[in-house]
Structure formats: C-alpha cells, structure tokens
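Chemist: Coordinates only, no sequence provided:
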C-alpha cells in the first residue's frame, strides 16, 4: 500500500466511522444474529490474490455489522459502559501508525515517559493519595484491564508475604485471600492463576447495601490464623459490578494494616467519578491501600483497552515480575534512571496506550470530562426517581452514581421476559444480575452520546413492554 493509497483508504475509513456514528441509532443495539450466522456468511477459504480495499470495507457493512452489538449506541445501558470518543479513536490510530513496542524505556522513551506523566496527572485529577505518584515510592502503569491489575496486585502481595519464596518454590496451600461475595469474578480467576486456589479465596458476606462487612472480614481473618493459614490479600471494590456498591475502605484499611494484609482497591468504572470533587468520597480510606485501579475505558471516553493501575511501593511489584534475559539488557535500564514497564505487568510487550488517554484528557480538559460524568449521574438519578414513583417497579439497591438496579414487582419470570422483550426489540440493551436471590434489571448510564431523551425513551419502552406482558 503506497502512501497515496494509504491516504485515500484512511480517508475512507474515517468517513465510514463518522457515518457509523451518525447512523448508529438505526441499528439494533443488541445483535440479533444466530450462533454461526456470521461465519456462514464468510468465504470458506482466504483470497489467493489481494482484494481491493473498497471491497473489504464494503464487506464490513454486509458481513460484520449484522454481528455487532453496538456498545457506542446512546441506547446501550447494559453491563458497564465501554465508551470511546473522537480523540480516543484518533489517538489509537496514531499509536497503531507508530507501531511502538514499549517494553523497555530504550525501545521508545516517549512511550514510557508519557505514560508515567499521564498517570501522575490522573493522581491529581482524581484526588488519589500522593504515594501513588512516580516521584514517591509508588507509581502507575497502564494495564489492559482491571482483571490484569488485580492479578498483578495479588502476585505482589503473594511475594511480599512469602519474602519472594513463592516465586521460587510455589505456594504451599496456606495463603488465603479475601473479597466480598459481590467482588468481580476476575479475583476468582486471579487466585487460580496465581496458584492460591479457589478454596483459599474466602468470600466475605455483605451488608444490606451489598458492601463488604469489615466485622465479618476481621472475624474470618482471625479464624484463618487460628487454623494455621496465612491471610495475605484483600480486594475491596469501589462500585461492584452487580449493584455499584462501595466497600467501606475507612474500616477495611485499618484491619489490613493491623493484620499485614495487602489491600487492593478495584474501582474499575466508578473511579472515574472522582474527577468531580463532590464524588471523591468514594475513595475515602484509599490512603491505606497498597494498590488501586480504575478503567478509563469504562467511563472516561477512552476506548478499550486502558486500565490505570497504581501501587504504593513499586519495588515490590518490580521484584515480583522482573525477569531479565541477556537480550533485554541495556545501558539505560542498568543506570537505574528509567522505568521499564515490562516489569510492571504480565506480558513483555506493550502498546502505546497512553497516547489515546493523553488525547482524551487534553481534548476534553478536566472540566469537559466532569461535565459528562455529572450529566450521566444526573440522568441515572432521574431514572431512579421514575422507578421510585412507579407503582409497578421498585429499586433493589442504592443508586450512588450512574447504575440503577430495579425490577418489576411481577416476579423473576416476569422480569426475565421483560428483559428478553426489551433486548429483542433492538431499541435498547439491558443486562441483569441477582440481588437477594431476586432477578434484577441493571440500567447503566455512561455512553458518550447518551442524552436525556434516550433515557426518557428507554423508560417509556420499559413501561410499555411491561404493560404488554401484563395484559397477556
């Protein structure tokens, strides 16, 4: 592909993306294809000769778009948002064009230094403890997801408590980790990968607001020590997946300090809310944490993948994950004056992810980002009030930010039918969870282009679909 061909094809792709956003509401939010349908539409063998780019792009519309669930639709209210924006897309494009492999500082100094700088910016932007800054004992790194961040935190905690012996000998089956029954499933996966074992992940009961109970944690830690086990790690959550519950860090932190437990705080989506000073209460107690993560790719208009992971003591993380073969040795690393992010996560290779985050922060500015966060919270609160005022629906959890958990009073089967009917309509997309053994609908406001009329139309559709089911 020549430079001139690249220019023309690039213009075509940008035009296609711009057109896509202009017509995104014409598509069914949730893809309606059947299993295997997309593969059946594709040629059984690859082309022997190259094809025209125009043909390839045309087949995106014909063969790919039918199988897309439109996460960027303003009518996407499922899961948590995975939103993007114009500046993020362009930053990602530029990163792809540069094709940087940033495993070492020396393999592209700007890749490393921009990442360090932007993550230090975010410490100030979110009001995080200063110890997470790179000029203190800690620092931040971009991971692919909160799942990887939690795994790295767990590994560092494992090595700290065993004086790095488990990296040499493996685990002996006595290490015990803790999380609430509402904690993200990635912690279960992490303990399996790390050799801790699922049976040594003790799930702590929650209170009426689905928050981890500190008294239950303290009691379980005491029991485990008496049983000859070695407690070493706690994951607290700021904004659980099911109900957006915020664990009480101010009470959990002192327990972890007293017992010598690594405290990791997962704020995957909700952490972004702390851009606004009025929501920084969600991080009260964070000063006692050993590590923290949040996802700009969930609510900060930066396309997937982009998780910001911070540690209070980077030396522990680096010693846990560093492996130095001869072919990676270089003068800059040996000088001790640079950061080599390959030692801060699982893979050796890494992309220039900080570029898109830098674009987003600079394009919107702090006030621009705050505007959108406040607007999303406001819209979710309006939706919650509509539910409260209804005689057919009820809230099933507190609504601190932008997630509303609710259900129709008709019971679990009715709510399942309601969810299926709404999603099959193609006009919006919701997901569900189980709270207090009840089937609950989740309505999350966080997509970049969601406005009040989208939320209002969604509530009208929910009511109308419920009324239709009631009449049957």
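Modeler: On my side now, so go ahead. Because the structure is a prediction, the values reported are computed rather than measured.
Chemist: Next secondary structure after the lowest-mean-pLDDT helix or strand in the chain?
Modeler: Of all helical and strand segments in the chain, the minimum by mean pLDDT, DSSP states H and E falls on helix 331-335, at a mean of 79. Next helix or strand after helix 331-335 toward the C-terminus (DSSP states H and E): helix 354-389.
Chemist: follow-up on the earlier one: now do the least confident helix or strand of the chain: which elements does it pack against?
Modeler: Helix 331-335 sits against no helix or strand, with contacts defined as 3 or more Cβ pairs under 8 Å, 6 or more residues apart in numbering; DSSP states H and E. C-betas here are computed from N, CA, C, even on glycine.
Chemist: Please compute how far it lies from its chain's middle.
Modeler: Taking Cα atoms, centre = their mean, to the nearest Å, one finds helix 331-335 lying 34 Å from the centre of the chain it belongs to.
Chemist: buried set for that helix?
Modeler: Buried residues in helix 331-335, counted by 16 or more other Cβ atoms under 10 Å: residue 333.
Chemist: One more: stretch 254-266?
Modeler: In stretch 254-266, counting by 16+ other Cβ under 10 Å, buried: 255-256, 259, 261-266.
Chemist: Go ahead and name everything in contact with the least confident helix or strand of the chain.
Modeler: The list of residues contacting helix 331-335 from outside it, by Cβ atoms under 8 Å, 6 or more residues apart in numbering, reads 104-106, 338, 340.
Chemist: repeat that for 10 Å
Modeler: Helix 331-335 is contacted by residues 104-107, 109, 112, 324, 338-340, 342-343 when judged by Cβ atoms under 10 Å, 6 or more residues apart in numbering.
Chemist: Am I right that residue 95 is in contact with residue 350?
Modeler: No. With contact defined as Cβ atoms under 10 Å, residue 95 and residue 350 do not form a contacting pair (11.0 Å).
Chemist: more crowded one of the two?
Modeler: residue 350 (25 against 19; other Cβ atoms under 10 Å).
Chemist: quick one: secondary structure of residue 232?
Modeler: Classification of residue 232 by DSSP: H, G, I helix; E, B strand; the rest coil places it in strand.
Chemist: tell me the contacts of residue 87?
Modeler: Neighbour list for residue 87: 301-302, 356-364 [criterion: Cβ under 10 Å, 6+ apart].
Chemist: again, only this time at 6 Å
Modeler: Contacts of residue 87 were listed using Cβ atoms under 6 Å, 6 or more residues apart in numbering, and they are 359-360, 363.
Chemist: Of these, just say which sits nearest to residue 460.
Modeler: residue 360 (32.7 Å; Cβ to Cβ).
Chemist: does the closest one really touch residue 303, like I thought?
Modeler: No. Counting by Cβ atoms under 6 Å, residue 360 stays clear of residue 303, with 9.2 Å between them.
Chemist: Specify the local secondary structure of residue 324.
Modeler: Strictly by three-state DSSP, residue 324 counts as coil.
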